[in-house]
Structures are given as structure tokens and as C-alpha cells.
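Trainee: this one's structure only:
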């Protein structure tokens, strides 16, 4: 509901020191939506393959349980979306940002079925659902991912980066998103060996903590590098070129992998994220992701833009997710 963040999503100039700091600096990590989805994809690959690599894993039970795990929440999300559209008239107003004015004002049965099946794309009535398409596709290909991660880890990681770069030049979303799952799969399958490489960085020493903290800062800077450069250098001078877009794609993927390593191996940070408030947020995170979109937009249409609306959006989204 805050116009600066809508403009920031389009990499447009914004006013105010804190708005610029939150959008065009490493602090962007707090609101980096696309990069959070990339992290989600890599983490999915990590978790699914790590589970599947365990001895005695039951492949006969995998597909039924995975379908239920993905599609039941999606159907719930579709019902929430339909309810919000039914209860709140989505009538555009000149005071709305152009990104909001471009959103649908009705939620048809066809759109609901499209969102619920995820087979032919999704509507933009509940924007986050687009990512579940790729989650379903990777879930179907999990046996292939396990085989590739086990036998060809370095090739998978290298080809993953190459494919991500190729996606910039070809516009292929498959080449952009599937490698993220595959890179996570390699991390998951070979996690013990990877973790052993970092045993020298002990969190019990001052030097070890400084090293881990530096790696954390580096990961954040790599993930947000494109936004920082956008503030320092005129956007038109670099962002429209495939060369820089490729560079920042690799930068973000490298930062995401590094961030996963730091979070799981740096003891103080891992202990912090194991506190009850963070665990509670983790438990509702999937529901929050699937339902916050229609709630945020619905409240915007109901209450109009402003900081009060933002507070209501946050509180209501958390309540529904719980």
C-alpha cells in the first residue's frame, strides 16, 4: 500500500532516505520478493532430495503425499481468493498505483480452476501461485533430480549456472527456474561432505564468528547487488543489456547458495532462527505465502492506500495464515 515499494518493484526512482535504503541497498534483502522465491526453489530442491536420498525412502508413497501437500493448500488459497473477491468489490480508483489498477476486478470460475490445477498457468488474482507451477514440475521430476545430483553433482551445478545465464538471452523461464531446484538438489544430496569443508570455521572462536558474519554480509550483498547498482549507476546504461542481467543472475544464485550455507552452519545464526517466534513463522510461512496476495489487494481496495492499510494487511494476513 506504500507507493514507494510499488515503484521500487519496477526499479523506478523513489523519494526519501529510508525508502531508497530499503529498495536500493543491501537492505533490499528484507523486501526482495523475486529473490525470496529463488531461495524457496533452491530450498525445495535441497529438502526434497535430502529426504529422498535417505535409505529406505518410499517412492511409492511419495507422489500421493506430495500431491496432497501441494494441492490442498493451493485449493485453500483459491477459496480464500474467491471469498475476498466476493466480499470486497475490486473497484479501481485514481489514487491507486498503476500496478494495482492493472489487476483483475473479478475472479471467474475459469480463473479459479486455472489456479487450482496449476497445469496451464495461473491467473494474477493471486499472484504468488505462479511459483507453484514450477514446484509441481520439479516434484514430478524428483527421481531424475536425485539421479543427477548423485552421479553428476559438479556437472549439475555448472550446467545450472549456464542454463540460468541462457535464460536471460532466450527468455526461457524453464531455464531460469529449474536450475535453482537442481542446485538445491546437489546441496541436499551431498550436504554432509559440503558441511565438512567448513569445519575449520568454528563458531566458538572470535575469528570464526567474524568469518561467518563476513560470509553472511557477502551473501546479502550478492543477492541484492542489482538493486545497489541500480541506485549507483543510471539504470538505462546497464540493466537493459543481457550481459549485466546475466552477471546479476549468477550473483543472486551464488548469494542464495552462500546464504543457505551460512544459515545452516553458523551456530549463532542457526540458534537464533530456532527460537520459537521464528519457528512459528516458519510453520505458517507456506500458508502466508499462498494467501497474503488476495488479502493485501482486497484490503487495499477496501481501505485505500496508506500506512494504516499496511498494518491491517500484515495483521490480517498473519491471522489467516495461522
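Mentor: Sure, I can see it. Just so it is clear, the structure is predicted and the values come from calculations on it, not from any experiment.
Trainee: Can you tell me how far the spatially closest residue to residue 88 that is not a sequence neighbour is from residue 117?
Mentor: With sequence-adjacent residues excluded and distances taken as Cβ to Cβ, 6 or more residues apart in numbering, residue 88 is closest to residue 298, at 4.5 Å. Heads up, the C-betas are built off the backbone N, CA and C, glycines and all. Distance, residue 298 to residue 117, using Cβ to Cβ, to the nearest Å: 23 Å.
Trainee: Could you report the pLDDT at residue 213?
Mentor: pLDDT, residue 213: 94.
Trainee: Could you report the neighbour count for it?
Mentor: 14 (other Cβ atoms under 10 Å).
Trainee: so where does it fall, helix or strand?
Mentor: helix 206-223 (DSSP states H and E).
Trainee: other SSEs contacting that helix?
Mentor: helix 242-265, helix 267-273 (3 or more Cβ pairs under 8 Å, 6 or more residues apart in numbering; DSSP states H and E).
Trainee: Save these as a markdown table, and put in mean pLDDT too.
Mentor: A markdown table is the format used below for the helices and strands packed on helix 206-223 (pLDDT from 0 to 100):
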| stretch | mean pLDDT |
| --- | --- |
| helix 242-265 | 91 |
| helix 267-273 | 92 |
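Trainee: in what helix or strand does the closest residue in space to residue 272 that isn't next to it in sequence lie?
Mentor: Of all residues not flanking residue 272 in the chain, residue 278 sits nearest, at 7.2 Å (Cβ to Cβ, 6+ apart). If you go by DSSP H and E, residue 278 is part of helix 276-303.
Trainee: Determine how far the following helix or strand past that helix lies from the middle of the whole chain.
Mentor: Counting by DSSP H and E, the next helix or strand C-terminal to helix 276-303 is helix 307-321. With Cα atoms, centre = their mean, to the nearest Å as the basis, helix 307-321 stands 20 Å off its chain's centre.
Trainee: what sits up against helix 307-321?
Mentor: The contact list for helix 307-321 (Cβ atoms under 8 Å, 6 or more residues apart in numbering) reads 1-2, 80, 284-285, 287-288, 291-292, 295-296, 299-300, 303.
Trainee: repeat for stretch 149-164
Mentor: 49, 53, 148, 175-176, 178-180, 182-183, 185-186, 188-190, 249-250, 253.
Trainee: what's the answer for stretch 14-31, then?
Mentor: Counting by Cβ under 8 Å, 6+ apart, 4-5, 7-8, 35, 217, 220-221, 223-224, 227-228, 230-231 sit against stretch 14-31.
Trainee: re the thing from before, residue 298 and residue 117: who's more crowded?
Mentor: Using other Cβ under 10 Å, the more surrounded residue of residue 298 and residue 117 is residue 298, with 21 against 16.
Trainee: For the more buried one, which residues are in contact?
Mentor: 84-85, 87-88, 90.
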